[in-house]
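J.: Attaching a predicted model along with its sequence, questions to come.
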Amino acid sequence: MKSPIPFYLQKILDSVRGNKDGAVADYIPELAQANPDYLGIALCSTTGHIYAAGDAQQRYTMQSISKPFVYALALQELGLDAVRDIVGMEPSGEAFNELSLNRNDHRPVNPMINAGAIAVNQLINGVDSTVEDRVECIRSYISRLAGRELEIDRNVCDSELEHSERNLSLAHMLRNYGIIQDDAHDAVLSYTKQCSIAVDTRDLAVMAATLANGGRQPITGEKILDADVCRLTLAVMASCGMYDGAGRWIAEVGIPAKSGVAGGLIGTLPGQLGVATFSPRLNAEGNSIRGVEAFKQLSADMGLHLMSTENRVGINPVREVEQNDDVAVIHLQGHINFSAVEAVLHQLREYDLERSQVALDISQVSTLHKVGRRLLKEGLRRLREEGAEIAVIDPDGILTDREMSDGTLVPLADAEDYQIAGQSIL
Ligand code: GLN
């Protein structure tokens, strides 16, 4: 059975595709060359399943999306106290490139604005590191997060460096107050290279999922960051990641996130998944307009808001799978939200349930989120399309709406009809 999740992601893209508002960033001339119509999305579960739609393999530069990851690296290398000595954790409510430092101690207020990110970049690989070694340390670390070797886009980097007066003035300010030690030009060079690491949307989803997974890269299995470091990083992303739009973002979308001016946007749902979108047209805050729209929809539709009481991770949603040569009965349990249904659909594919009859027993399911219902029905419909006879065992009627996407109804069955003397998988 082909997973219905990419199809679902495609629908989200289609619903935002018509929005042509905003403009590509042009203060970095090379970014102004980007095709404004690119639109991609990718989702990676903490179990390492990736789903993508649209231009998810198009390459672009991370820009500010590098900031939370380099902040996490600084926390990992130096610990919170040392990092907090040079950068705060308060939302600034200002633009990303604002010339602002904390009035009392002159620290940048948080690591997501440029002033903070330039200061954090300087912490990597020790204060005596050369620019080259520091950048290599960051590039190789980000590559481990993505699970493949990434490169720096020289054209974008050079183009930004030619117009970096703003960041240079921030670096001069930071050096003046003793927050950074390097010469301002070196600090901006190192930071700009960090921003110019080229990725695609799948890479970003995997990196976001690594944060969701407590620092273990879900595909390579490598433990890269401590869980405490991920928690701190996600907390700072939640309060500061969307700059002056951060308050509205956390209310409306409720997913710790970070945007970049090349059009990327990542979101991390702790313990569950990472999502990334790509669409280069930006709003006044420098956030991707269609990316923000897609996230709003994902959050509402899939119940992903962090403050939502429906958004819990619980026990394994597949209690048991019984099968013999003809029949497979999949017994579900607990709360079926997006992450749960993703796991169920993945197992349906993994077990290669090529039985002539497939029944889903939802009698032990406590709640069925609307996205869970929709995707389960779509999974069943696809099994039927491939020739299986499908049914749902639902004695309490929790599948309130049985209509599938082709207009037919999910057939119901009694548990007694499926007492099979078969092999139990779980
Ligand atoms: N490199 C960009 C800058 O410093 C990053 C900004 C962003 O993505 N918000 O201006």
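T.: Ah, there it is.
J.: what about the strands in this protein?
T.: 40-45, 50-54, 60-61, 151-152, 197-199, 257-259, 264-269, 273-278, 318-323, 327-336, 357-368, 389-393, 423-424 (DSSP state E).
J.: Just give me how far the first one sits from the chain centre.
T.: Spelled out, it's strand 40-45. Distance of strand 40-45 from the chain centroid (Cα atoms, centre = their mean, to the nearest Å) equals 7 Å.
J.: Skipping adjacent residues, who's closest to whichever residue of the stretch 201-350 of the chain sits closest to the ligand in space?
T.: Nearest residue of the stretch 201-350 of the chain to the ligand: V261, at 3.7 Å (Cβ to the nearest ligand atom). No exception for glycine: its C-beta is placed from N, CA and C like everyone else's. Of all residues beyond its chain neighbours, the one nearest V261 is A25 (4.2 Å), with distances taken as Cβ to Cβ, 6 or more residues apart in numbering.
J.: residues touching the one you found, list them.
T.: For A25, the contacting residues are 31-32, 261-262, 280, 282, 286, by Cβ atoms under 8 Å, 6 or more residues apart in numbering.
J.: re the thing from before, thought the residue of the stretch 201-350 of the chain closest to the ligand was touching L31?
T.: Yes - if you go by Cβ atoms under 8 Å, V261 and L31 touch, sitting 6.6 Å apart.
J.: hmm, back to that, tell me which of the strands of the chain lies nearest to R107.
T.: strand 257-259 (20.3 Å; Cβ to Cβ).
J.: quick one: is that closest one near the ligand?
T.: No - Strand 257-259 stays clear of the ligand (Cβ under 6 Å from any ligand atom), getting no nearer than 6.5 Å.
J.: How about residues contacting that strand?
T.: Strand 257-259 is touched from outside by 64-65, 67-68, 112, 237-238, 241-243, 249, 265-268, 286-288, 291, 295, with contacts defined as Cβ under 8 Å, 6+ apart.
J.: do the same with stretch 158-174
T.: 27-31, 97, 99, 101, 108, 114-115, 118-119, 180, 184-185, 187-189, 191-192, 195-196.
J.: Out of those, which end up buried?
T.: Neighbour counting with 16 or more other Cβ atoms under 10 Å marks 28, 30-31, 97, 101, 108, 114-115, 118-119, 180, 184, 187-189, 191-192, 195-196 as buried within the contacts of stretch 158-174.
J.: Could you pull up the residues touching the nearest residue to Q63 once chain neighbours are set aside?
T.: In this structure, Q63 finds its nearest non-sequential neighbour in G260, 3.4 Å apart by Cβ to Cβ, 6+ apart. Under the criterion of Cβ under 8 Å, 6+ apart, the neighbours of G260 are 61-66, 195.
J.: give me that answer again for 6 Å
T.: 62-65 (Cβ atoms under 6 Å, 6 or more residues apart in numbering).
J.: pull the CA atoms of stretch 261-274 into CSV?
T.: What follows is stretch 261-274, C-alpha atoms only, in CSV (Å, rounded to 0.1, in the frame of the first residue of the first chain):
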residue,chain,number,x,y,z
VAL,A,261,15.4,34.3,4.5
ALA,A,262,16.1,31.8,1.7
GLY,A,263,12.5,30.6,2.3
GLY,A,264,13.0,27.6,4.5
LEU,A,265,11.0,27.0,7.7
ILE,A,266,11.4,24.2,10.2
GLY,A,267,9.2,23.1,13.0
THR,A,268,9.8,20.5,15.7
LEU,A,269,7.2,18.7,17.7
PRO,A,270,9.1,17.3,20.7
GLY,A,271,9.0,13.5,20.8
GLN,A,272,7.1,13.2,17.6
LEU,A,273,8.3,14.8,14.4
GLY,A,274,10.2,17.4,12.4
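J.: Can you point out the buried residues in it?
T.: 261-270, 272-274.
J.: can you give me the mean pLDDT across it?
T.: Across stretch 261-274, pLDDT averages out at 96.
J.: How about stretch 390-402?
T.: For stretch 390-402, mean pLDDT rounds to 93.
J.: And the contacts of it?
T.: In contact with stretch 390-402 (Cβ under 6 Å, 6+ apart) are residues 358-363, 368, 380, 383-384, 409-413, 415.
J.: what about 7 Å?
T.: 358-363, 365, 368, 373, 380, 383-384, 409-415, 418 (Cβ atoms under 7 Å, 6 or more residues apart in numbering).
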